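**Student:** Let's see this in three dimensions:
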Amino acid sequence: ARQRFAVLDKNRQILIKNLQNEVTKKCAPPHASTDAMFAAGTGTILLRSDERISLFDIAQRKAIAELSTPVVKYVSWSPDMSRVALLSKHGVVIANKKLEQLCMVHETIRIKSGAWDGNELFVFSTLNHIKYCLANGDAGIIRTLDEPLYISHAQNGTIHGLDREGKVRKVIVDVTECQFKLCLYKKEFERVIRIIKQAKLSGHAIIAYLQKKGFPQVALHFVSDEQTRFNLAIECGNIDVALQAAHALDSKENWQRLGVEALKQGNHQVVEMAYQRTKDFEKLSFLYLITGNIEKLRKMLKIAEMRADKMSRFHNALYLGDVADRVALLQEVGQLPLAYMTAATFGLTEAAEAIGAQLAAAGLPLPSPLSHAPRLLYPPLPILREANWPLLTVSKGTFERSLTEGGGDAGLDAAVDLDEADAGGWDNDLDLDLNADAAGFGGGIGGGDGVGDGDIGGGDDIGGGGWDTEDLDLDLSGVPGAAMPTSGYYVAPTAGEPTA
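**Tutor:** Numbers count the residues shown, from 1 in each chain. Have a look, this model is predicted:
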């Protein structure tokens, strides 16, 4: 208190004295092995006994909190008395004012001293280094020392202390990394952005730290390697940056990962592009089915026919409800009974009679119908055909908004703009590089005007001269929609980040 102080006498009794050095109160410590005492604010003291420290209340004459810790040699309280650093020979324990442990840092070299720089950052010295520790357990090296320094005070990167000769030393250190981690811990994102723009933080260590702490969207602004950039963008759900990196890398594995992440967000334009790049025809057909793009589904049926993929052709005919094509396909593969049943069930009388004649010629019986009231399996007509499925309206995060507006991330300026590429919602072209897949189809595929301008092939109609593979251009190199927005196009929010 203001006019009292406490003493631990040789009999291990706590004596409360006034300024005249007169004993006003005696207290027995909570443990008989108590051998040291430290300050702990008004009305309380810290008592060390064995491998624990106790917070003792003088008025109540009892320990109100205890903490197991290595033998404490020094105690340092933060300026607002909200946190305490307990220094032992080889460790630092950070606790709050109720003696609840927040973190512990172990050192192999003996700890010399320490002091608080503000209420969040604890700076301590060893034989060769000045180090730091945050309340969340983050620790690191600030700088090396030529000779030991016994720290007495630290503030804003200026450290005062004594050397072994007893001379006062003043050391200026760079605490940018400490402040950066502290601002992330306290979620002071505006200060984080300021540090990113003003300081030169880089290296794999800071990127690994940001990933470990769950801030991949921040790490995204520190990397230039496209693969690392892609991985971080996928992790934080930033489809824009991931699409840009996927274009630069152009690997099948990355396009597959991009398709999976874009599908989670309902961004089926990017999903379509990813499936086209990987030539995943089955998934592409199903995507067109569930998004109601019947026109492109018909094109997928023709592509399956050109690729001689019977199963894919049957699936697409099933998605379209195209009974005639299913019957023709079943005939081609020699499944005459199934072809007959399909034609008879759905009223294709002429086709059923022709197939029945073939069955009779082969000495096979005509199969009987399975149902007296068959119904055509036909997908329902799509109600909503928008550019993308309706997404949650989310404001951009603090980092994306501030860094983009301030020009902090040059990578976003050269990205891929899906909205400009396809204002109507669907690409006009379906670009699938089928040169390798259709090598056995007579003249190869290529040389035409592309698939998607109303028909497949270079002719004006489909039925005139049949299907000429030489008139079909399915080159993937010119995939439309190759620019990405810097505004107006939002990604899914990071978990825990508030929206505007």
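
**Student:** who's in contact with stretch 318-329?
**Tutor:** For stretch 318-329, contacts defined as CB atoms under 8 Å, 6 or more residues apart in numbering pick out 285-286, 288-289, 294, 297-298, 301, 310, 313-314, 317, 339, 342-343, 346, 348, 351, 355, 376-379. Placement of C-beta: from N, CA and C, glycine included.

**Student:** rerun at 7 Å
**Tutor:** For stretch 318-329, the external contacting residues (CB atoms under 7 Å, 6 or more residues apart in numbering) are 285, 289, 297-298, 301, 310, 313-314, 317, 339, 342-343, 346, 348, 351, 376-379.

**Student:** Correct me if wrong, but residue 247 is in a strand.
**Tutor:** No. Judged by DSSP: H, G, I helix; E, B strand; the rest coil, residue 247 forms no part of a strand; its state is helix.

**Student:** Model confidence at it, what's the number?
**Tutor:** The per-residue pLDDT reported for residue 247 equals 86.

**Student:** just residue 53 next, same as before
**Tutor:** Residue 53 is given a pLDDT of 90.

**Student:** what does residue 354 give?
**Tutor:** 84.

**Student:** Then it would be within a helix, right?
**Tutor:** Yes. Residue 354 forms part of a helix when assessed by three-state DSSP.

**Student:** about what we covered before: counting neighbours, which of the contacts of stretch 318-329 end up buried?
**Tutor:** The neighbour-count criterion (16 or more other CB atoms under 10 Å) marks 285, 289, 297-298, 301, 313-314, 317, 339, 342-343, 346, 348, 351 among the contacts of stretch 318-329 as buried.

**Student:** so can I have TSV of those showing pLDDT, secondary structure and distance to residue 225?
**Tutor:** Listed next are the buried ones among the contacts of stretch 318-329 as TSV, based on pLDDT from 0 to 100; DSSP: H, G, I helix; E, B strand; the rest coil; distance: CB to CB, whole Å:
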residue	pLDDT	secondary structure	distance to residue 225
285	88	helix	35
289	84	helix	38
297	85	helix	39
298	86	helix	42
301	87	helix	42
313	84	helix	42
314	86	helix	44
317	85	helix	45
339	83	helix	56
342	79	helix	55
343	81	helix	59
346	76	coil	57
348	78	coil	59
351	79	helix	59
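
**Student:** I'd like the residues you listed laid out as CSV, including distance to residue 30.
**Tutor:** Conversion of the buried ones among the contacts of stretch 318-329 to CSV gives the following (distance: CB to CB, whole Å):
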residue, distance to residue 30
285, 75
289, 74
297, 79
298, 84
301, 83
313, 84
314, 82
317, 84
339, 92
342, 89
343, 94
346, 90
348, 95
351, 97
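
**Student:** Closest one of these to residue 42?
**Tutor:** Closest to residue 42 out of those is residue 289 (73.2 Å), distances taken as CB to CB.

**Student:** Tell me which residues touch the closest one, please.
**Tutor:** Residues near residue 289 by CB under 7 Å, 6+ apart: 297, 319, 379.

**Student:** Then residue 148?
**Tutor:** 112, 125, 127, 164.

**Student:** Tell me if it really is in a strand.
**Tutor:** No. The assignment for residue 148, made by three-state DSSP, is coil rather than a strand.

**Student:** any idea of the pLDDT on it?
**Tutor:** Note on residue 148: pLDDT of 90.

**Student:** change the start of the numbering to 502 and stick with it
**Tutor:** Sure, I'll start counting at 502 from here, so that last one is residue 649.

**Student:** in which helix or strand would I find residue 744?
**Tutor:** Residue 744 belongs to helix 740-750 when assigned by DSSP states H and E.

**Student:** Residue 569 reaches residue 554, doesn't it?
**Tutor:** No. Between residue 569 and residue 554 there is no contact under CB atoms under 7 Å: 8.4 Å.

**Student:** Distance check, residue 889 against residue 773.
**Tutor:** Distance of residue 889 to residue 773, given as CB to CB, to the nearest Å: 10 Å.

**Student:** between these two, who's got more neighbours?
**Tutor:** Neighbour comparison, residue 889 and residue 773: the larger count goes to residue 773, with 25 against 19 (by other CB atoms under 10 Å).

**Student:** would you say the more buried one is within a strand?
**Tutor:** No. Residue 773: not assigned to a strand; according to three-state DSSP it is helix.

**Student:** Excluding chain neighbours, what is closest to it?
**Tutor:** Leaving out its chain neighbours, the residue that sits closest to residue 773 by CB to CB, 6 or more residues apart in numbering is residue 788, at 6.2 Å.
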